[in-house]
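**Student:** next input, structure requested:
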Amino acid sequence: GSWLSDHQLLYITNLEQSSYVYLYNLQEGTSKLLYKSDVPIVTLQVSPSKEYILIQTSPSTYEGQVTVLSPEGTELMKQSFTSYELAFEWNPFNESEILISSFNEDWTYNMLLLDIEHSTTTELTIPQPFIKWIGIDEVAYINWDEASPSLFGPLMSKKVGTGEAKVIFSEVLQFAAYHNTLMTVAVRD
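**Tutor:** The predicted model follows:
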């Protein structure tokens, strides 16, 4: 399940090929049907400030469908992607934006920016699929060298859609971002 508020929990039930999203109210002990999908739900995610609900369904092995709902269950946007696997990264500075890494079976990928407010999807050029937002229009990623695999790589920052990538730290093992805080894991010489 996923929490929608401190006393409301979203959960999924499956019946044959259909999936149902219910909202359970802990204070009242009641469940309410929020959304029905004719194909199985793979993932349900709530945006950081609980403004949106993202549902990923998989109509077939090579298709991922993303549906964005309001907390009341209204469908705000629906988009299909040719993909084997999808990964999502909400923009915590602007929750109407989600970065989607759309993987093929051979792990090649496309990077897409889903804009809920404007109902648009834009393809981006970012050299790594695992990224984090570090600003309203800026992302960070470790730029692993494909030619000579290593545990370490430079941590880069890049404005979404424009500009050159910049090195933030030269040798990083892992990193995490939370709003205005960036944490890196490196090794001392």
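
**Student:** list the contacts of the most centrally placed residue in the chain.
**Tutor:** Geometric centre of the chain, nearest residue: residue 88, 1.6 Å, by C-alpha atoms, centre = their mean. By C-beta atoms under 8 Å, 6 or more residues apart in numbering, the contact set of residue 88 is 43, 45, 54, 56, 98-100. C-beta coordinates here come from the backbone N, C-alpha and C atoms, glycine included.

**Student:** mind listing the helices for this structure?
**Tutor:** Secondary structure of the chain (DSSP state H): no helices located.

**Student:** tally of neighbours for residue 40?
**Tutor:** 14 (other C-beta atoms under 10 Å).

**Student:** what's around the closest residue to it other than its chain neighbours, how many residues?
**Tutor:** Spatial nearest neighbour of residue 40, excluding adjacent residues (C-beta to C-beta, 6 or more residues apart in numbering): residue 19 at 5.3 Å. Neighbours of residue 19 under the rule other C-beta under 10 Å: 20.

**Student:** wait, residue 19 touches residue 56, no?
**Tutor:** No - look at residue 19 against residue 56 with C-beta atoms under 8 Å: they stay out of range, at 10.8 Å.

**Student:** spit out the residues that contact the two alike.
**Tutor:** By C-beta under 8 Å, 6+ apart, the residues touching both residue 19 and residue 56 are residue 41.
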